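Asker: Make a model of this:
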Amino acid sequence: MVPTKKDDLRKMVTQTTIETYEELTPQLIRLIEQTKQDHSLSEAQKQDEISLHMLGYVKSCTNEIIVEVLAEILGLDD
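Answerer: Now for the predicted structure:
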């Protein structure tokens with residue numbers, strides 16, 4: 001679908017955002033749980049690692065959203 005109005009584009013981006021965050025959330029949870037279980041790290045180091053995981057998650061989601069929306073608009077296949 002090629003949006004013809006800003007509102008249509010907004011809806012497309014919103015839907016893609018929801019789908020992407022839901023798809024990638026289990027990976028983030030797994031990383032956080034692994035970090036919490038790592039006894040070689042101090043609590044401060046664990047928090048730093050979790051913060052890095054969160055930043056990476058947001059970056060990955062943002063990139064995926066952009067790619068998915070542009071691919072749909074441009075009619076690109078995998």
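Asker: and the host helix or strand of D48, what does it pack onto?
Answerer: In this assignment (DSSP states H and E), D48 forms part of helix 43-74. For helix 43-74, the elements it packs on are helix 6-37, judged by 3 or more C-beta pairs under 8 Å, 6 or more residues apart in numbering; DSSP states H and E. The C-beta positions use only the backbone N, C-alpha and C, and glycine is treated the same way.
Asker: Can you work out which other helices and strands pack against the helix it packs on?
Answerer: Packing contacts for helix 6-37, counted by 3+ C-beta pairs under 8 Å, 6+ apart, involve helix 43-74.
Asker: For the helix holding D48, what is the distance to the chain centroid?
Answerer: Offset of helix 43-74 from its chain centre (C-alpha atoms, centre = their mean, to the nearest Å): 4 Å.
Asker: cool, and stretch 66-76?
Answerer: Mean C-alpha position of stretch 66-76 versus that of the full chain (C-alpha atoms, centre = their mean) differs by 16 Å.
Asker: Kindly report the same for stretch 42-59.
Answerer: Chain-centre distance of stretch 42-59: 15 Å, with C-alpha atoms, centre = their mean.
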